[in-house]
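Trainee: no sequence on this one, just coordinates:
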């Protein structure tokens, strides 16, 4: 199994209530997992948010915490509930209700990667699935919950920015101000964060010259649903970045724009952190 569930990057001094997280950038692929998959080493990475950890690794320099996954998404999906178990993949699991994510093979232990490509020949044991949840999923979410609790205790509120990347194909036919959006921010249509907070996050990206859309095609999944409690001064927003801006999607390698985009994003991150430094009626419950 991966050597660690997550990597924690803390500032020397916390000055903002914003917490950044990257649940899908993990790339610590266990050799036992690679031996069991029918996919090659490149295809298995197709659902990974490659290099998102590097895009946000400067976060602690601005006084905020950054939590990144260690394990890859193809091994266990940290943006799913731990009970989203796939009966088509895991032995002994019975179908429980209609869950589109599980039905499509994207449960907490994924059955497929991008484009519906199967990861395994057959099923895996329930013990194997439980081991991944106990050793990777639970420690990650215990740490994330603790970070948000500490932020609320220290600052009176917390803002989780859950950072992801999206295939260009996902937004290629979407039009926002005449062109596909480069950033999609999801607040579950207003349920996971106060409007004022969402507006400030959107404005930070727009000031950098990036095209920003809301909730389409990604409105937020388990993490924003679980941790977004604006009535309790806890806000959660999902951020999706078009991968084609900074990487070659076919080869999973940084492209020539990687360094310039990191520099651009550094300015955005500085603005995002400031949101958690401003006293706001929307941040703290009245």
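Mentor: Cool, the structure landed. Bear in mind that the values here come from a model prediction, so they are computed numbers and not experimental data.

Trainee: Report the next helix or strand after the helix or strand of the chain with the lowest mean pLDDT in sequence order.
Mentor: Lowest mean confidence among the helices and strands of the chain (mean pLDDT, DSSP states H and E): helix 168-171, at a mean of 89. Heading C-terminal from helix 168-171, the first helix or strand you meet, by DSSP states H and E, is strand 183-186.

Trainee: contacts for the least confident helix or strand of the chain?
Mentor: 180-181, 184, 213, 217-218, 242-244, 249 (C-beta atoms under 8 Å, 6 or more residues apart in numbering). Quick note: C-beta positions are derived from backbone N, CA and C, even for glycine.

Trainee: Quick one: buried ones out of the residues you listed?
Mentor: 180-181, 184, 213, 218, 242-244, 249 (16 or more other C-beta atoms under 10 Å).

Trainee: My guess is residue 245 contacts residue 256. True?
Mentor: No. Contact criterion C-beta atoms under 8 Å: residue 245 and residue 256 do not qualify, at 11.2 Å.

Trainee: Neighbour count for the two, which is higher?
Mentor: A direct count of neighbours by other C-beta atoms under 10 Å for residue 245 and residue 256 places residue 245 higher, at 19 against 8.

Trainee: if I pick that one, what's in contact with it?
Mentor: With C-beta under 8 Å, 6+ apart, residue 245 has these contacts: 182, 257, 261.

Trainee: quick one: it and residue 238, what's the gap?
Mentor: 17 Å (C-beta to C-beta, to the nearest Å).

Trainee: follow-up on the earlier one: need the max-distance pair from the contacts of helix 168-171.
Mentor: 213 and 249 (19.6 Å; C-beta to C-beta).

Trainee: Do I have it right that residue 24 meets residue 75?
Mentor: No. Shown here, residue 24 and residue 75 do not form a contact pair, counting by C-beta under 8 Å, at 11.0 Å.

Trainee: And stretch 141-157, what's buried?
Mentor: The neighbour-count check on stretch 141-157 (16+ other C-beta under 10 Å) flags 141, 143-144, 147-148, 151-152, 155, 157 as buried.

Trainee: got those residues as a markdown table, with pLDDT, distance to residue 203 and secondary structure columns?
Mentor: Converted to a markdown table, these look like this (pLDDT from 0 to 100; distance: C-beta to C-beta, whole Å; DSSP: H, G, I helix; E, B strand; the rest coil):
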| residue | pLDDT | distance to residue 203 | secondary structure |
| --- | --- | --- | --- |
| 141 | 98 | 30 | helix |
| 143 | 98 | 29 | helix |
| 144 | 98 | 25 | helix |
| 147 | 98 | 25 | helix |
| 148 | 98 | 23 | helix |
| 151 | 96 | 22 | helix |
| 152 | 95 | 24 | helix |
| 155 | 95 | 21 | helix |
| 157 | 96 | 19 | coil |
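
Trainee: Which of these sits closest to residue 222?
Mentor: For these, the nearest to residue 222 is residue 141 (9.4 Å; C-beta to C-beta).

Trainee: which one is the closest one nearest to, not counting chain neighbours?
Mentor: Leaving aside its sequence neighbours, residue 141 sits nearest to residue 78 (C-beta to C-beta, 6 or more residues apart in numbering; 7.3 Å).

Trainee: how about that neighbour, secondary structure?
Mentor: Secondary structure state of residue 78, per DSSP: H, G, I helix; E, B strand; the rest coil, is coil.

Trainee: Just list the residues touching it, thanks.
Mentor: By C-beta under 8 Å, 6+ apart, the residues touching residue 78 are 23-24, 69, 71, 136-137, 140-141, 223.

Trainee: Just the residues you listed: which are in strands?
Mentor: Taking DSSP state E, the ones among those that sit in strands are residue 69.

Trainee: If you rank the contacts of residue 78 by neighbours, which is first?
Mentor: Within those, most neighbours by other C-beta under 10 Å means residue 69, with 31 neighbours.

Trainee: where's that residue relative to residue 200, distance?
Mentor: 26 Å.

Trainee: Repeat that for residue 162.
Mentor: 16 Å.

Trainee: out of these two, which sits in the busier spot?
Mentor: Between residue 162 and residue 200, counted using other C-beta under 10 Å, the more crowded position is residue 162 (28 against 20).

Trainee: can you confirm the more buried one is in a strand?
Mentor: Yes. According to three-state DSSP, residue 162 belongs to a strand.

Trainee: Lovely, talk soon.
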